[in-house]
Structures are given as C-alpha cells and as structure tokens.
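A.B. asks: fold the following, please.
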Amino acid sequence: MARLVLWDIDHTLISTRGVGRDLSAAAFQRTLGVEMREQAAIDGITEPVIFRETATLHGLATGRADFERFAQALAEEHLTRAAELRERGHALPGAAAALEALASSPGVTQTVVTGNIRPAGEIKLSVFGLDRHIAWDVGAYGEDADDRADLVRLSLERAGFAARDAVLIGDTPADVRGGRAHGVYVIAVATGKNSVATLRGSGADTVLPDLRDTAGLVKAVLNGAAVPITE
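C.D. replies: Modelled structure (predicted):
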C-alpha cells in the first residue's frame, strides 16, 4: 500500500540547540534594521507568522514584501552558517534510522510539512545527513501558507495522495491539528516541549516518546490504527 509520510523538522528530526533563533535574529535585523530583542512563540508556528508577530512585539507593522526579504536573508544566514548549525545542533535519536527504514519500505514517499522556509529546511536536514530520502518538491513550507492545515493540504495535492494514505509525524499539538484537519493519520513524538500526555490529549492517533523504536514507527506508518503501538 502506498504511503505519503509528512515529516515535521524541528524537534521531530533535529534540534538546532539555539542556532535557529540566532539565525532568525540576524535575518530580522538585516530586514528591519532593528535588533531582535524577543521572539514570538515558535512552537508549531510557521515562519511568516513568527516574523509578523515578532515584528509586532517590536512595534513594527510588516507586509508580505517584508517577509519575503526576511526569508531571503534567513536562507542566506542558514547557508553561510551551516557549519555552525552542524557543530551546535544534532539529529535526534532514531531519526536517521527511521528515514532509512521507511525509504526501504515499498510504496513509501517521504517529504516534509514544516513551518520553515524551504531553503532553511533543506539545509537543516542536509547538514545532519537526513535529506537523502526527502521528496522536496511535494512538501509544503512556511512561505506557502500561514496555517499548518493548509500546508498539509498543499502537500497532499502536490504528491497526489488521498488523506487516508498519508501519515504525519510531528512533535506539537499544532502538527496534530494540521493533520487531523484533513483526516491524516498522525503520529506524535514527545521529542520537543510537549509531553506524551499533552500530545495524546491533542488528538494524535499514536504517541511515541521518541523515534528510537524504528520497527514500531514503521508499523504505525504502514498500518495506522490497525497496529497497536506501546506508548
């Protein structure tokens, strides 16, 4: 059976350990000429919303053109500081094995649905060697829409998959809501700020503590609710 796997990136596959905020701050200052003293909530939020709300915290009103300049600056910051990202960040335990195992499963296509802009997402996964099995052109990214549910819909359309044949893997209630809005099976992993209990309460179909149970994750992806997973 064909499956489309929609991966979140930050705190699902990788941790930037603070580098991501530093890069955003540099891009923010380049774009608006103001030091980023504080940042809006980022947990499960898309890049254009984070930029707009962060600007508001600094008393600034912004439009789409401002975001596009910010996105260009952010892409450049990720490119020029990729070595720093590699040194300070890391792939989360089990991420590489999960991607490899799913890539070896017949009929599985893997992509990303992320609040990151696409260039940043590509660099984040590539520096940790996690990009080889990602079908980037059918993913959906922060520049595509503000809301995660819209990103899920876009990825389904681009990949030509029905929601019943897709599985979303993420670490936040926002990921869960985005998938469930379209009837996509959601596997939540407690690898970020949210606990197993919180993710279960948000409506995830399966909740795992992390990605280290490769066999269990693959079973959940391929069989969905038909296979009970120990939480």
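
A.B. asks: could you chop this structure up by domain?
C.D. replies: With domains defined by automatic domain parsing, the chain comprises 3-15+90-226, 19-87.

A.B. asks: lowest-confidence helix or strand of the protein?
C.D. replies: Sorting the helices and strands of the chain by mean pLDDT, DSSP states H and E puts helix 214-223 at the bottom, at a mean of 93.

A.B. asks: distance from the chain centre to it, please.
C.D. replies: In this view, helix 214-223 has its centroid 19 Å away from the chain centroid, taken as CA atoms, centre = their mean, to the nearest Å.

A.B. asks: next, the buried residues of that helix.
C.D. replies: 214, 216, 217, 218, 219, 220, 221, 222 (16 or more other CB atoms under 10 Å). Heads up, the C-betas are built off the backbone N, CA and C, glycines and all.

A.B. asks: from these, pick the one nearest residue 38.
C.D. replies: residue 217 (36.1 Å; CB to CB).

A.B. asks: residues contacting the closest one?
C.D. replies: Each residue near residue 217 by CB atoms under 8 Å, 6 or more residues apart in numbering is listed here: 94, 98, 101, 102, 169, 187, 208, 211.

A.B. asks: where does pLDDT dip in the chain?
C.D. replies: 225-231 (pLDDT under 70).

A.B. asks: helices or strands up against whichever strand or helix holds residue 56?
C.D. replies: In this assignment (DSSP states H and E), residue 56 forms part of helix 47-57. Judged by 3 or more CB pairs under 8 Å, 6 or more residues apart in numbering; DSSP states H and E, the packing partners of helix 47-57 are helix 19-32, helix 64-80.
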